[in-house]
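Peer 1: Fold the stuff below for me.
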Amino acid sequence: MAKTFQLTVARVGQNFFDGEAASVTLPGADGVMTILANHEAFVSPLGKGDAVVVSAAGESFPIAIEGGIVEVSKNQVTVLL
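Peer 2: From the prediction side, this is the model:
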C-alpha cells in the first residue's frame with residue numbers, strides 16, 4: 001500500500017477533493033511540483049495549469065486551475081484556489 005496524506009483542494013463554495021491521496025502534481029509559480037506523503041513543510045503560490053490528484057486508490061483526478069496557494073504541513077496538504 002502506498003503512503004498517503006490528507007489532501008484538500010478547494011475554493012470558496014466549492015470542494016474539488018478532500019481525502020487521502022498518494023500524490024498531487026501542481027503548477028507552481030516557478031514550475032511543476034509533485035507532493036508525496038511526508039513532504040517537508042512549505043507554502044507556495046500556484047500558477048495557471050492542471051493539477052493532478054492521485055487518490056489512495058490510484059484514481060487520477062485532473063483539475064484545471066487559474067492560480068492559488070498550496071500549504072504543506074504535518075502530512076496534510078491544502079490547496080486553495
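Peer 1: Check the offset of the longest strand along the chain from the chain's centre.
Peer 2: In the chain, with assignment by DSSP state E, the single longest strand is strand 14-28. The chain centroid and the centroid of strand 14-28 are separated by 3 Å under Cα atoms, centre = their mean, to the nearest Å.
Peer 1: Buried ones in that strand, by neighbour count?
Peer 2: Burial within strand 14-28, assessed by neighbour count using 16 or more other Cβ atoms under 10 Å, is assigned to 16-17, 21-27. All C-beta spots, glycine's among them, are computed from the backbone N, C-alpha and C.
Peer 1: Which members of those are the farthest-apart pair?
Peer 2: Within the buried residues of strand 14-28, two members stand farthest from each other by Cβ to Cβ: Ala22 and Pro27, at 18.9 Å.
Peer 1: Go through the buried residues of strand 14-28 and say which is closest to Phe61.
Peer 2: When the buried residues of strand 14-28 are compared for distance to Phe61 (Cβ to Cβ), Phe17 comes out closest, at 6.1 Å.
Peer 1: Give the bridge partners for the closest one, please.
Peer 2: According to DSSP bridges, Val9 are recorded as the beta-bridge partners of Phe17.
Peer 1: Pull up the per-residue confidence for Met1.
Peer 2: Predicted confidence (pLDDT) at Met1: the value is 57.
Peer 1: What of Lys48?
Peer 2: In the predicted model, Lys48 carries a pLDDT score of 97.
Peer 1: I'd say it and Gly68 touch.
Peer 2: No - the pair Lys48 and Gly68 fails to qualify as a contact (Cβ atoms under 8 Å) at a distance of 9.8 Å.
Peer 1: Run through the residues that contact Asp50.
Peer 2: By Cβ atoms under 8 Å, 6 or more residues apart in numbering, the residues touching Asp50 are 27, 62-65.
Peer 1: Among the residues you listed, which one has the most neighbours?
Peer 2: When the contacts of Asp50 are compared by neighbour count (other Cβ atoms under 10 Å), Pro27 ends up highest, at 20 neighbours.
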